[in-house]
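Q: Would you be able to build a 3D model of this:
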Amino acid sequence: MNGTKIGDDGLRMILNHPIAQGLREFEFSELGLTAAGVKSLVESKYHPPKPHLHLSFNPIGDEGVKELVRWRELGRITDLSLDFAEIGDAGVATLAKCRDVRAVKTLRLHGNQIGVKGVEALIASKRFTNLTYLSIDLDDIPNGAVKRLRAKYKKASIG
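A: This next block holds a predicted model:
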């Protein structure tokens, strides 16, 4: 379904259908989802068989992240992809405070509107203890903040 714009209503229909529990893999990227679609995921009984969640290229925004951190399955996710999801500093701060992101090893945030405050939230976070890869735009971030981010996550590849 990757790239098929089913939108929030389409996702809700799929997740509420009994067949959803038997899905072996479901790609959530480029479905045209907003925060309402993330809320449908959070409120569903869907249990991802693999510890990956790819919501990239969906305009979920900061409100979508607020919904995502309520998801009971988030603690199992090791690969969280939120590239080009219209997330800003507030969304990153919400994610950085979430206790259920400790399993995340790969975090993709490329192509969002993340500034210094978002980077500072990642630096201050005590939650991403297993992070090995972080994709984030750092071109407009002051060098000092970039150095602190790299020092904080020295085991992670950052780019």
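Q: use CA for all of it now, contacts and neighbours both
A: Noted.
Q: For the residue positioned nearest the centre of the chain, give me its contacts.
A: Central residue of the chain (C-alpha atoms, centre = their mean): residue 82, 4.2 Å from the mean position. Residues near residue 82 by C-alpha atoms under 8 Å, 6 or more residues apart in numbering: 54, 55, 56, 57, 107, 108, 109, 110.
Q: State the helix or strand in which the residue nearest to the second one when sequence neighbours are not counted lies.
A: Leaving out its chain neighbours, the residue that sits closest to residue 55 by C-alpha to C-alpha, 6 or more residues apart in numbering is residue 29, at 4.7 Å. Secondary-structure element containing residue 29, defined by DSSP states H and E: none, the residue being outside all helices and strands.
Q: And residue 29, how close does it get to residue 54?
A: Taking C-alpha to C-alpha, to the nearest Å as the measure, residue 29 falls 6 Å from residue 54.
Q: residue contacts, the nearest residue to residue 105 once chain neighbours are set aside?
A: Counting by C-alpha to C-alpha, 6+ apart, residue 105 lies nearest to residue 131, which is 4.1 Å off, once chain neighbours are set aside. Contact analysis of residue 131 by C-alpha under 8 Å, 6+ apart lists 104, 105, 106, 107, 153, 155, 156.
Q: could you flag which of those residues are buried?
A: Restricting these to buried positions leaves 104, 105, 106, 107, 153, 156, with burial counted as 16 or more other C-alpha atoms under 10 Å.
Q: among those, which two are most distant?
A: Greatest spatial distance among the buried ones among the contacts of residue 131 (C-alpha to C-alpha): 104 and 153, at 12.8 Å.
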